[in-house]
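Undergrad: next one to model:
(chains A and B)
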Amino acid sequence: MSDVQPIIRFENVAKIFPGNVMVLDNINIVFRPGEFVSLVGASGAGKSTLLKLIYAEEVPTQGEVYFNERPVGKINRKHLPFFRRDIGTVFQDYKLLPQRTVFENVAYALEVDGRSTTEINEEVPEILEIVGLGDKTHKFPKQLSGGEQQRVSLARALIHRPKVIIADEPTGNLDPVSADEIIQLLLEINSFGTTVLLATHNKGIVDKIGRRVVLISKGQIIHDQNKGKYILS
Amino acid sequence: MLKLWRTFKEGKENFIRNGWLTFATVSILSLSLFIVSLSFLLGMTSQLILQNMREKVSVSVSFNPDVTEERILAIQKELTTYKKEIASVEYVSRDAALEQFLAESGNDPTIAQAIKEIGENPLFASLVIRAVKPDDYPLIVSEIQKSTFQNDISRINYEKNKKIFERLDRINKMTGKTGLALGAIFIFVAILITFNTIRITIYSHRQEFEVMRLVGASNIYVRMPFIFEGVLYGLVAALVTVVLLYGIAYYIAPFTNGAMAQGNFMNFYLNSFWYLFGGLILLGITLGVVSSTIAIRRYLKS
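TA: Residues are numbered from 1 along each chain as shown, chains lettered A, B, ... in the order given. Below you'll find the model as predicted:
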């Protein structure tokens, strides 16, 4: 496994927020294509910041993050949108556009890419079928349950066929059954070869997945185990 | 091209789906445009009315009855050489003056009878002088009073008109100044209100910008729908304003009948309709687009 070129690599990364708040401290970690990684740790441990550094929502104070061996921090602001189309993101609060239907929310990710309408009309229903929302395409987000909204968000993240899916507490607002469905979907996506980075503090979920677990505490990596469990430090 | 069309469609969609917010923004923008254009139109109208009145004003110089017609015509000729100051000099003979007087008194037979009994035409021949610029009347009058033919003159009906001239001048200058000042204030207020309203509209979308950028929308793609929305605000507001102005013109028109060279306010409005409409659209769109552009900038910075 170690001879495979990493898809994401952190090299001596530190992130200091204004007011000298050390959020991440000397992070060195490698994620390889096809991995399913659970990032665990208490709230405020630095999980979200670590993920934000990958999709360039934050810039490291020190060190460098590489995506396919390209330094993320050096990407021109103009090219950022194109870069982000390679990464699908899912969040605790779904981040759907409230004034658009399920279909339109997913289609938006393709529209910004300049895809043709025929292409959009083909691909969007297909992906909505995969996440199990084939019958809700013309509903608005507020007409859906939390689990369903998260699935829309997931469909939108998948529509570009990204190399990496970043899921930041995707189950934080969901009941156990819905949460389980989302995790199952993520595992399914991963089985097709997409790298999945999942940040969570839900011990039950991590133990059930039984894949690589990275524990972060106070901005540092404490444990990094293949086939790990959530270890309380 | 496809992207441009999509962002346009999206702007249109926002415009329709936002319902109340759209209604509020368009109302504010319309009101602003309405106030600005109304103060502009009323200013123009009062200027036109005053100009019209000034053009009707003249000075008439009456000559003693013993002055011959040849002499008067010679004086007329002399006066017309002052082309810079004097626009026209019209000769009104005694007979013409009498005819005019009779016509003005409604051809009353008793008056005609009275004049007949005098046995002689009691009216004087006169020269009616119109100045190029109304400001020149005092100068013209004083020159005539000093001229070689001053002894032939019975009287100049300038003193009576003088007060009217002065008052007209004062009104004219005042309306010009206050109109300009009020217009400027209104425009300033209108811009501020419009800008703030559009800022609120965009503020209500602020969470969406983050989402749009996260799924890979470029800044320009996020911005374009709002700019198109601004264009739509401007267009609709311009339309509303033109309709409102038509209503105002309809009510004001009867009061301005004959007071303007254009007939009345309605004619004036209709004559300048396309300029006005074009100007309003331009102003509305500029306001909408500039406000949108500035308001959205802060959400796209990072």
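Undergrad: which stretches of the stretch 51-200 of chain B have low pLDDT?
TA: B:54, B:159-162, B:165 (pLDDT under 70).
Undergrad: so which residues of it form helices?
TA: B:69-80, B:94-104, B:109-118, B:137-146, B:158-203 (DSSP state H, counting those that start in this stretch).
Undergrad: dump those to TSV, plus mean neighbour count and distance to residue B:58.
TA: All C-beta atoms are positioned from the backbone trio N, CA, C, and that covers glycine. Formatted as TSV, the helices of the stretch 51-200 of chain B follow (neighbours: other C-beta atoms under 10 Å in any protein chain shown; distance: least, C-beta to C-beta, whole Å):
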stretch	mean neighbour count	distance to residue B:58
helix B:69-80	14	13
helix B:94-104	13	14
helix B:109-118	10	25
helix B:137-146	15	9
helix B:158-203	15	8
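Undergrad: select, out of those helices, the one closest to chain A.
TA: Closest of these to chain A is helix B:158-203, at 12.5 Å (criterion: C-beta to the nearest C-beta).
Undergrad: just checking, what packs against the closest one?
TA: Counting contacts by 3 or more C-beta pairs under 8 Å, 6 or more residues apart in numbering or on different chains; DSSP states H and E, helix B:158-203 packs against helix B:20-56, helix B:137-146, helix B:219-252, helix B:273-297.
Undergrad: the same query, at a cut-off of 10 Å, please.
TA: helix B:20-56, strand B:59-63, helix B:137-146, helix B:219-252, helix B:273-297 (3 or more C-beta pairs under 10 Å, 6 or more residues apart in numbering or on different chains; DSSP states H and E).
Undergrad: show me the one of these that comes nearest residue A:142.
TA: helix B:20-56 (17.1 Å; C-beta to C-beta).
Undergrad: could you pull up the residues touching the spatially most central residue of chain B?
TA: Residue closest to the average C-alpha location in chain B (C-alpha atoms, centre = their mean): residue B:44, at 1.2 Å. Going by C-beta atoms under 10 Å, 6 or more residues apart in numbering or on different chains, residue B:44 touches B:179, B:260, B:265, B:268, B:272.
Undergrad: go on, residue A:150?
TA: Contacts of residue A:150 (C-beta under 10 Å, 6+ apart): A:90-94, A:96, A:131, A:144, A:167, A:170-174, A:178-179, A:181-182, A:185.
Undergrad: can you give me phi and psi for residue A:87?
TA: Residue A:87 has phi and psi values of phi -120, psi 130 when expressed as degrees, to the nearest 10.
Undergrad: which ones are touching it?
TA: Taking C-beta under 10 Å, 6+ apart as the criterion, residue A:87 is in contact with A:8, A:51, A:54-56, A:67, A:72, A:157, A:160, A:162-166, A:195, A:197, B:214, B:216.
Undergrad: so which of those residues sit within strands?
TA: Among those, the residues falling in strands (DSSP state E) are A:8, A:67, A:164-166, A:195, A:197.
Undergrad: what sits against the closest residue to residue B:293 other than its chain neighbours?
TA: Of all residues not flanking residue B:293 in the chain, residue B:227 sits nearest, at 6.5 Å (C-beta to C-beta, 6 or more residues apart in numbering or on different chains). Going by C-beta under 10 Å, 6+ apart, residue B:227 touches B:7-8, B:11, B:220, B:285, B:288-290, B:292-293, B:296.
Undergrad: now residue A:7, nearest residue through space, not along the chain?
TA: Per C-beta to C-beta, 6+ apart, closest to residue A:7 is residue A:33, 4.8 Å.
Undergrad: repeat that for residue A:181.
TA: In space, residue A:181 is closest to residue A:147, 6.1 Å off (C-beta to C-beta, 6+ apart).
Undergrad: the one you found is in what secondary structure piece?
TA: helix A:146-158 (DSSP states H and E).
Undergrad: the longest helix seen in chain A packs against which elements?
TA: Ranked by residue count under DSSP state H, the longest helix found in chain A is helix A:176-191. When contacts are defined as 3+ C-beta pairs under 10 Å, 6+ apart, helix A:176-191 sits against strand A:36-40, strand A:87-91, helix A:117-130, helix A:146-158, strand A:164-168, strand A:195-200, helix A:203-209.
Undergrad: let's see that with 7 Å instead.
TA: Helices and strands touching helix A:176-191, by 3 or more C-beta pairs under 7 Å, 6 or more residues apart in numbering or on different chains; DSSP states H and E, are helix A:146-158, strand A:164-168, strand A:195-200, helix A:203-209.
Undergrad: may I see those arranged in TSV, with distance to residue B:66 and mean pLDDT as well?
TA: Formatted as TSV, the helices and strands packed on helix A:176-191 follow (distance: least, C-beta to C-beta, whole Å; pLDDT from 0 to 100):
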stretch	distance to residue B:66	mean pLDDT
helix A:146-158	105	93
strand A:164-168	111	94
strand A:195-200	115	94
helix A:203-209	123	88
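Undergrad: of all the ones you listed, which one is nearest residue B:240?
TA: Short answer: helix A:146-158, nearest of the helices and strands packed on helix A:176-191 by C-beta to C-beta, at 38.0 Å.
Undergrad: before we move on, back to that, what's the neighbour count on the residue nearest to residue A:7?
TA: Residue A:33: 15 surrounding residues under other C-beta atoms under 10 Å in any protein chain shown.
Undergrad: ok, residue A:55 next?
TA: 21.
Undergrad: which bits of chain B sit near chain A?
TA: Neighbours of chain A within chain B, by C-beta under 7 Å from any C-beta of the partner chain: B:2-3, B:6, B:17, B:208, B:211, B:214-218, B:221.
Undergrad: thank you kindly, that will do.
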